[in-house]
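Chemist: sequence first, predicted coordinates after that:
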Amino acid sequence: MSPFIAVLNGPNLNLLGQRQPEVYGHDTLADVEKLCADTAERFGLEVRCRQSNHEGELLDVVHQWRTEAAGFVVNAGALTHTSVALRDALVTITSPLMEVHISNVHARESFRHHSYLSDIASGVIVGCGIQGYAFAIERLAALRER
């Protein structure tokens, strides 16, 4: 079994391609997951993807994978700006964390400008569309090579 990258998506990301396409584009969550799998495969890695609209479910996944995953790619959606609980769970992971946002959160409403995750992340990628997920996996692969 190859090492895996955990890809976590928070609330409303199941509606990618339908919800505010002018902000998030027309790609779907299935497109994101395929892009992640294809990118990881280039580096001999696998991905395990999880999306939930429920904070507690995401916490449980972090707890389950916190010592197993070779890295985490997290788009926590609105939980980025509200969840100390998710931050506290992610602080316990033993591998690098990449924070991803499809839109440029800094060009949006002021409440989106603060992240509870950025200061614990190895990198933050914003405004690159779903390509940001590929960038995050490429960066995690580079960190593994060190």
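Modeler: Nice, I can see it.

Chemist: if I've got this straight, Phe72 is in a strand?
Modeler: Yes - Phe72: assigned to a strand according to DSSP: H, G, I helix; E, B strand; the rest coil.

Chemist: that one and Ala136: what is the separation?
Modeler: 9 Å (Cβ to Cβ, to the nearest Å). Yep, even glycine has a C-beta here, placed from its N, CA and C like the rest.

Chemist: which neighbours do the two share?
Modeler: Met98 (Cβ atoms under 8 Å, 6 or more residues apart in numbering).

Chemist: out of the two, which sits in the busier spot?
Modeler: Just comparing Phe72 and Ala136: by other Cβ atoms under 10 Å the higher neighbour count belongs to Ala136, 30 against 24.

Chemist: hang on, isn't that one packed against Val73?
Modeler: Yes - using Cβ atoms under 8 Å, Ala136 is in contact with Val73, at 4.4 Å.

Chemist: list the residues that contact the closest residue to His101 other than its chain neighbours.
Modeler: Leaving aside its sequence neighbours, His101 sits nearest to Val126 (Cβ to Cβ, 6 or more residues apart in numbering; 4.4 Å). By Cβ under 8 Å, 6+ apart, the contact list for Val126 reads Val100, His101, Ser103, Asn104, Val105, His106, Gly132.

Chemist: let's see which of the residues you listed end up in strands.
Modeler: Cross-referencing the contacts of Val126 against strands under DSSP state E gives Val100, His101.
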